[in-house]
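Engineer: what follows is a protein structure lacking sequence information:
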Ligand SMILES: C[S@@+](CC[C@H](N)C(=O)[O-])C[C@H]1O[C@@H](n2cnc3c(N)ncnc32)[C@H](O)[C@@H]1O
């Protein structure tokens, strides 16, 4: 069964930060390939709205990490919405990591820590939540989740239209509890919220 994504409260400060982020993303996108979008409207609808809808699915306390953050999706968007939360962005591409540092600085997001390294080599605190968008199949994401999540931690993965197939493949190696949410930006796509993640056989 799929649930609707809970609504997000109005927040003019968040929206101003997101507008500044979108402008910066478009400027850098002319020289580094950060996102597949050329206009402000496309960035807003295809990327920022897609990322922002994850915020109400996150726990209300504890550090969060976005793995393979790329141009900051969803990591910078989440940080813009939750400016008091400790947020770690892990991105191995040096130019993209430089963009993330610039974006966090421009938006005044002092709580964001950029890890310009491979996820496999990253040192992170025990996390309340991890996110990852367009990074890897669910099976691989669960290995990262199992490594980094604190007890009781959750993983939130936007998973497009192949979510059920990925759940089936991943369940051969992993046990987890699944909640499904209908994406607001693509009603055929599913956002997964997974908890109690452990390797099958452990
Ligand atoms: C397809 S992009 C998606 C970026 C962003 N999450 C988005 O939705 O636009 C995947 C990103 O993950 C990064 N990445 C892939 N494997 C990684 C790894 N093992 N460690 C750190 N970053 C990785 C890539 O450099 C790239 O920026």
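Structural biologist: That came through, no problem. What you are looking at is a predicted structure, and each value in this text was computed from that prediction instead of being measured.
Engineer: return the list of helices and strands in contact with the helix or strand hosting residue 143.
Structural biologist: When elements are assigned from DSSP states H and E, residue 143 belongs to helix 138-148. Using 3 or more C-beta pairs under 8 Å, 6 or more residues apart in numbering; DSSP states H and E as the contact criterion, the elements in contact with helix 138-148 are strand 64-67, strand 127-131, strand 149-158, helix 163-170, strand 174-182, strand 190-199. C-beta coordinates here come from the backbone N, C-alpha and C atoms, glycine included.
Engineer: pull out the buried residues from it.
Structural biologist: Residues of helix 138-148 classed as buried: 138, 141-146, 148 (neighbour count, 16 or more other C-beta atoms under 10 Å).
Engineer: what of stretch 170-185?
Structural biologist: For stretch 170-185, the neighbour count (16+ other C-beta under 10 Å) marks 170, 174, 176, 181, 183-185 as buried.
Engineer: of those residues, closest to the ligand?
Structural biologist: Each of the buried residues of stretch 170-185 was checked against the ligand using C-beta to the nearest ligand atom; the closest is residue 185, at 12.2 Å.
Engineer: for the closest one, which non-adjacent residue is spatially closest?
Structural biologist: Once its chain neighbours are removed from consideration, residue 185 has its nearest residue in residue 50; the separation is 4.4 Å (C-beta to C-beta, 6 or more residues apart in numbering).
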